[in-house]
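Chemist: Okay, predicted coordinates and the sequence, questions at the end:
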Amino acid sequence: MEIKAENVTRTFGMKRAIDELNFTLPEGVYGLLGDNGAGKSTLMRILVAIDHQTSGKVTFNGKDIFHMNDDYRNLVGYIPQDFEVYSAFTATEYLEYMGALKGLSKKELKHKVPEVLQFVNLEKVANKKVKTFSGGMKRRVGIAQAIINDPKILIFDEPTAGLDPHERIRFSNIISEMGQDKIILFSTHIISDIEAITTNVIILNQGKIKEQGNVQKMLSEIKGKVFTEEMDRERLASFKKEHLIVRIRQEENVVNVRYLGEKESGAIVCEPTLEDYYIYLGSGSHA
Ligand SMILES: Nc1ncnc2c1ncn2[C@@H]1O[C@H](COP(=O)(O)OP(=O)(O)OP(=O)(O)O)[C@@H](O)[C@H]1O
């Protein structure tokens, strides 16, 4: 099973929101990372076939997804970026409704609805009205509706945005658990979410793929180049001019600076993270 994008471009007037994208996604979990406006949502809307590329082609197992129509849509579960349920239905009623829209029979719904509610840990509030739920609970209802017909492809646009730390961890675990025999693509601005969930990442920048592949492989590029060093505020001002700074942490009497580059005398070498790599890519140091 694979989704393949060939030279996929989407323009809005003069703007090339995504620009000649080429990639193949076999079964697995993929994180999509990029700054605001990089083209993540545009790409996802095309991959779920609710928008059409201006040029290029997207295929699923060799077939153009736009020619597959409902045969493709039935394979896909999707949570858009602005997904919010203000339903007066209870969680159970809402999922029965969404499941019926996706073609599940009454008999199937009877066991499928409790099953997905349990999976997203909402079984205790199954009979409460969705509009009374917290943002995180509504997002979990979103996951439940996306997976109710057991889709082979799941596309989640910023699923962890606005979630509290517990909800984020719970959500990350849910995605990791589901990832075995599916193609799952999720976008996020939270780099640590990607590292928590998967080792495959696609980094988009201004509509183009800047980097794609295994996170560990990417990190090997900057191994031995990430350091932390403690210094006082006076030194920080000049240090910032000469180094690529990842993070500055205020400690009791000093600042702890994480940076990319060459080892300074008091510096300690660190294991690189995807955040370090992202800063490295954005700096243009990456050839
Ligand atoms: N319907 C539209 N009409 C005009 N321009 C659009 C439309 N949709 C997206 N764009 C533009 O295309 C570019 C990519 O937008 P997109 O929403 O895909 O980015 P994104 O990576 O999802 O951003 P964010 O992280 O802020 O959600 C942006 O410049 C955006 O303004």
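Modeler: Yep, that arrived. The structure displayed is predicted, hence computed values, not measured ones.

Chemist: in the stretch 101-250 of the chain, which spans are helices?
Modeler: Using DSSP state H, counting those that start in this stretch, the helices found in the stretch 101-250 of the chain span residues 106-119, 135-147, 165-178, 191-197, 215-220, 233-242.

Chemist: quick check: domain ranges of the chain?
Modeler: Annotated domains of the chain cover 2-217, 224-270 [automatic domain parsing].

Chemist: For burial, what's the neighbour tally of Val254?
Modeler: Val254: 15 surrounding residues under other Cβ atoms under 10 Å. (Glycine included, C-beta is placed from N, CA and C.)

Chemist: so who does the residue lying closest to it once chain neighbours are set aside touch?
Modeler: Closest residue in space to Val254, ignoring its immediate chain neighbours: Glu230 at 4.5 Å, by Cβ to Cβ, 6 or more residues apart in numbering. Going by Cβ atoms under 8 Å, 6 or more residues apart in numbering, Glu230 touches Glu251, Val254, Val255, Asn256, Val257, Gly266.

Chemist: Quick check: Glu230 vs Lys263, distance?
Modeler: Distance, Glu230 to Lys263, using Cβ to Cβ, to the nearest Å: 14 Å.

Chemist: try Val255
Modeler: Separation of Val255 from Lys263 (Cβ to Cβ) stands at 18 Å.

Chemist: Which one's more surrounded, those two?
Modeler: Higher neighbour count among Val255 and Lys263: Val255, with 16 against 12, using other Cβ under 10 Å.

Chemist: Compute the distance between that one and His67, please.
Modeler: Taken as Cβ to Cβ, the span from Val255 to His67 is 58 Å.

Chemist: give me the low-pLDDT residue ranges for the protein?
Modeler: For the chain, applying pLDDT under 70 flags the ranges 283-287.

Chemist: and Glu84, helix, strand or coil?
Modeler: Here Glu84 takes the coil state, with states given by DSSP: H, G, I helix; E, B strand; the rest coil.

Chemist: didn't it look like it was pressed against Lys138?
Modeler: Yes - the pair Glu84 and Lys138 passes the contact test of Cβ atoms under 8 Å, sitting 6.1 Å apart.

Chemist: Within range of the ligand, give me the residues from the stretch 151-287 of the chain.
Modeler: By Cβ under 6 Å from any ligand atom, no part of the stretch 151-287 of the chain sits against the ligand.

Chemist: ranges for the strands of the stretch 151-287 of the chain?
Modeler: Here the stretch 151-287 of the chain has its strands, by DSSP state E, counting those that start in this stretch, at 153-156, 183-188, 200-205, 208-214, 226-231, 244-250, 255-260, 268-269.

Chemist: ok, back up a step: among the contacts of Glu230, which one lies nearest to the ligand?
Modeler: The closest of the contacts of Glu230 to the ligand turns out to be Val257 (Cβ to the nearest ligand atom; 27.8 Å).

Chemist: contacting residues for the closest one?
Modeler: Thr228, Glu229, Glu230, Met231, Leu236, Phe239, His243, Ile245, Arg247, Ile248, Arg249.

Chemist: For those residues, work out which two are farthest apart.
Modeler: His243 and Arg249 (15.1 Å; Cβ to Cβ).

Chemist: contacting residues for whichever residue of the stretch 51-200 of the chain sits closest to the ligand?
Modeler: Nearest to the ligand in the stretch 51-200 of the chain, going by Cβ to the nearest ligand atom, is Gln81, at a distance of 5.9 Å. Contacts for Gln81 were tallied using Cβ under 8 Å, 6+ apart; they are Ser41, Asp157, Glu158, Ala161, Ser187.

Chemist: coming back round to it: quick one: which of Glu84 and Lys138 has more around it?
Modeler: Lys138 (19 against 14).

Chemist: Next, the closest residue to the more buried one other than its chain neighbours: phi, psi?
Modeler: Leaving aside its sequence neighbours, Lys138 sits nearest to Val85 (Cβ to Cβ, 6+ apart; 5.2 Å). When read as degrees, to the nearest 10, the backbone of Val85 gives phi -100, psi 120.
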